[in-house]
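Colleague: here is a sequence with its predicted model. Questions after.
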Amino acid sequence: MVQQTPPVIARLRNSLRAALPGFKSLSTSSGVPSFPGAIDRDRYFDTFKSVPEISDIKSCLECASRELLYDIVTDFDLESSLEPFIQLYQFFDLILTLSELEISDPQLPFALIEETLDTQPIDNCKRIFSYLEARIERLTVGVDGTKGKGIILLRLCNELLRRLSKSEDTVFCGRIFVFLTKSFPLSERSGVNLRGEFHVENKTTFDDRWNQLAGNQPGRSSPSLRDNDSSEAALAVDACNRLYAVLWSTQHEFAEPIRLFQKQILDNFKESLDTVIKAFRSSIDEHGHNAPAVASDTRRNHKRKWDGEVKHDDLDSYNPKYLTSRELFDLEVRDLVFRRHILVQFLIVIEFLLSLSPKYKKYLEAEAKNRSVQFAYTLSEEDDKWAETAKKDVVNALNYKSGMDGLLFSRTVDSVLTREKNWVKWKAENCVSFEMEPASTEHVAVSKSAGHEATTLINNLGKVVGAPALTRVWFDDSLDITTIRSNAQKINLPAYRSYAKSIEGYHLDKDFAFTEQEKEDIDESISNVTWRSLRIASRDRFQLFKNLDDDLSIKSLIAIEDGIAAGGKETEKDSKKDIQANTEPDGVKPTPQVISSTKSP
């Protein structure tokens, strides 16, 4: 038996259908048409709100809009025409207008969009989501992530994200995240992990048999090697097998870092990090290129055995991951992107351990109110030093023979981790809002007035000479300029040698000083006088300073200058002796040649 629609709801549905042409756009493109510029408010009030036989207009209008929505969605056929989408956009605009006029519930537009997305394939969802992007300013008025239409918007986007493939629908996922970023304020706490929970369900499965085959027993090589293989190849394959087990086993600590609070697991993690860094370095040759892969017969002798029954949970992964097959591991280690992926994971865990150091915990707990993100475990001093050293080793491994590209990548990672520290601190402070209120009108007026005064030109330039002291002297009529100019002591600089006696007097006073304070005052006076004298000497004797070495004193400078002067006199005497030695043997001086100033004919 088909349930009949009440007459009131049927009449409202017909009224909604009749109002749709008012939102028709002239645009023929496949995009979302523009919102109508003018809305006849009186028309909607008379049509929907002023109905005498309806007591609860909002509930009846919700039922009528759902029935009309089902009629529109039933006609969806992408291959035939785009007209149903245009009609759907008009319907959403009509419901949005009714909610803005408070004729219907504010949550009704989001509820109808959510139901539409749940009934459509991904290709149709992309076009419907374009409507949300085009009407974001009108839809997100007064959105709160903890109540009302904000909860429906979050549920709508989260359900849509669960349906999407993170590897195939990456662009669409990005559009959804950008939309959420624009819809909610930056300090919104609805998407914050306030309790600091880890994603422990993210488990990495790998073949742990290689842990036993990797030569755990000394002197024993992997059974995957052939008998005619050399010892070097056997050791190389054995090391690669061990690296395979060590690297993938660290994924347990990456998913749940609090496991490192146990000493045994932390010690194993330290050894694993050292092994991975050495292996990654050895996979790069001296030219910065990937080293050749190790030849092995692992594909032949150790094929994975399938029993024909594969669990669905093992194949269905929410996030894209690297394959953990042993046959692919040699190629993965030689891949630069793979090595960076693993090293960044190590760097994140090390930063987590450093956040548990006593110094950082003291800084974090100063204003912390959210105890859920704080751990009782404190890193020991020895482990703290290891974490600092390990962080430098990982950064060096990221930059190892990779040039400017590796340096840029490591700096980018460091910037991201620094920002994450700030977010963790913000979360520990219970997500205090950091949005500033707009300045009041009075504050803006005061700021404008102060800025105007600061940038106004000074009109009394005739009363200002320059420095304040010079201005006072210039306009002081009691001073005689001739007297000031005749005072040579204030105009001419003293000789730097004149300070030598003052310094000797200070040294003599220091010998008779009794208290340490007196000696410190005398030393300060000596430093001041020495600085003044050296500054005066640097004006015309700067070439002598290179001979002072570390002894910057007036006494040394005077000694150097006197030594050079004495050396000059000795040189002059030696030159006179050389001239006398060059005279004639009989003691008669040579007749000097007279040069006539007249020109020869």
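Modeller: Great, that's in hand. Residues are numbered from 1 along each chain as shown.
Colleague: Leu160 reaches Phe129, doesn't it?
Modeller: Yes. If you go by CB atoms under 8 Å, Leu160 and Phe129 touch, sitting 7.4 Å apart. The C-beta positions use only the backbone N, C-alpha and C, and glycine is treated the same way.
Colleague: which residues sit in contact with the nearest residue in space to Asn399 that is not next to it in sequence?
Modeller: Distances taken as CB to CB, 6 or more residues apart in numbering put Gly406 closest to Asn399, at 4.4 Å, once the chain neighbours are dropped. Counting by CB atoms under 8 Å, 6 or more residues apart in numbering, Gly406 touches Leu398, Asn399, Tyr400.
Colleague: next structured bit after the one helix or strand Gly406 maps to?
Modeller: Assessed by DSSP states H and E, Gly406 sits inside helix 403-428. Next helix or strand after helix 403-428 toward the C-terminus (DSSP H and E): helix 441-455.
Colleague: other residues contacting that following helix?
Modeller: Ala439.
Colleague: run the chain-centre distance for it.
Modeller: Using CA atoms, centre = their mean, to the nearest Å, the mean C-alpha position of helix 441-455 is found 35 Å from that of the whole chain.
Colleague: repeat for stretch 528-540
Modeller: 49 Å.
Colleague: do stretch 428-447 as well
Modeller: 25 Å.
Colleague: and it, what's buried?
Modeller: Across stretch 428-447, burial judged by 16 or more other CB atoms under 10 Å covers Ala428, Glu429, Cys431.
Colleague: average model confidence for that stretch?
Modeller: Throughout stretch 428-447, pLDDT has a mean value of 84.
Colleague: okay, the nearest residue to Leu493 once chain neighbours are set aside: pLDDT?
Modeller: Of all residues not flanking Leu493 in the chain, Ile536 sits nearest, at 5.7 Å (CB to CB, 6+ apart). Model confidence at Ile536, given as pLDDT, is 85.
Colleague: quick revisit: reformat the contacts of Gly406 as JSON lines; add neighbour count and pLDDT.
Modeller: Shown next, in JSON lines, are the contacts of Gly406 (neighbours: other CB atoms under 10 Å; pLDDT from 0 to 100):
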{"residue": "Leu398", "neighbour count": "21", "pLDDT": "88"}
{"residue": "Asn399", "neighbour count": "17", "pLDDT": "85"}
{"residue": "Tyr400", "neighbour count": "15", "pLDDT": "81"}
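Colleague: related to what we said a few turns ago, residues contacting the residue nearest to Leu493?
Modeller: Counting by CB under 8 Å, 6+ apart, Ile536 touches Leu493, Pro494, Ala495, Tyr496.
Colleague: what do you get for Thr119?
Modeller: By CB under 8 Å, 6+ apart, the contact set of Thr119 is Val73.
Colleague: tell me how far it lies from Arg539.
Modeller: Remark: distance between Thr119 and Arg539 (CB to CB, to the nearest Å) = 90 Å.
Colleague: walk me through the domains of this structure.
Modeller: 7-183, 210-299+321-428, 498-570 (automatic domain parsing).
Colleague: in CSV: these, plus distance to Ala439.
Modeller: As requested, the domains of the chain are exported to CSV (distance: least, CB to CB, whole Å):
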stretch, distance to Ala439
domain 7-183, 23
domain 210-299+321-428, 24
domain 498-570, 49
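Colleague: give the contact list for Tyr506.
Modeller: Residues in contact with Tyr506 (CB under 8 Å, 6+ apart) are Ile522, Ser525, Ile526, Val529.
Colleague: one more: Ser502?
Modeller: Neighbours of Ser502 in contact, by CB under 8 Å, 6+ apart: Val529.
Colleague: just the pLDDT at it, thanks.
Modeller: So, for Ser502, pLDDT stands at 85.
Colleague: so it is in which element?
Modeller: Using DSSP H and E, Ser502 falls within helix 498-511.
Colleague: for Asp330, see how far away Asn241 is.
Modeller: 10 Å.
Colleague: buried residues, the helix holding Gly406. List them.
Modeller: Counting neighbours by 16+ other CB under 10 Å, one finds that the buried residues in helix 403-428 are Gly406, Phe409, Ser410, Val413, Val424, Lys425, Lys427, Ala428.
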